[in-house]
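Q: Fold the following.
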Amino acid sequence: MPVVVRLHETTGSARTGWDAALKAAVKTARAEVGEPVAVEIARQWADLGPRGITTYHVSAKVAYRQALAAPKRAAKKS
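A: A predicted model of the protein is given here:
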């Protein structure tokens, strides 16, 4: 069966670092689209507090495979 690779945009955040924020983004995408095959980080940013970075954020595009199915035929009316 033919497949197509699609992209799903998602974000994640964590208090411990960029890696944890990326893992959170992929976990969110996995719940919505299935098994990811690749990830592209689109943007990173952080919230700052008086003592430094408080929260790390990542915006990412997660690639996943989706099977192509032929369109369903409409039932003939007689």
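Q: just the strands in the protein please.
A: Secondary structure of the chain (DSSP state E): strands located at 3-14, 36-49, 52-67.
Q: Using a markdown table, please lay out these together with mean pLDDT.
A: Listed next are the strands of the chain as a markdown table, based on pLDDT from 0 to 100:
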| stretch | mean pLDDT |
| --- | --- |
| strand 3-14 | 93 |
| strand 36-49 | 95 |
| strand 52-67 | 94 |
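Q: check contacts around the closest residue to Lys23 other than its chain neighbours.
A: What sits nearest to Lys23 in space, not counting adjacent residues and going by Cβ to Cβ, 6 or more residues apart in numbering, is Gly12, at 7.0 Å. No exception for glycine: its C-beta is placed from N, CA and C like everyone else's. Residues counted as contacts of Gly12 (Cβ atoms under 8 Å, 6 or more residues apart in numbering) are 21-28, 57-58, 60.
Q: Beta-bridge partners for Gly12, please?
A: For Gly12, the beta-bridge partners are Val58 (DSSP bridges).
Q: Tyr64 versus that one, what's the distance?
A: Taking Cβ to Cβ, to the nearest Å as the criterion, Gly12 is separated from Tyr64 by 16 Å.
Q: One more: Val39?
A: Val39 is 10 Å from Tyr64, where distance means Cβ to Cβ.
Q: circling back: could you turn the buried ones of the contacts of Gly12 into a PyMOL selection?
A: Here is the PyMOL command that selects only those of the contacts of Gly12 that count as buried (16 or more other Cβ atoms under 10 Å):
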select buried, resi 21+22+24+25+26+28+57+58+60
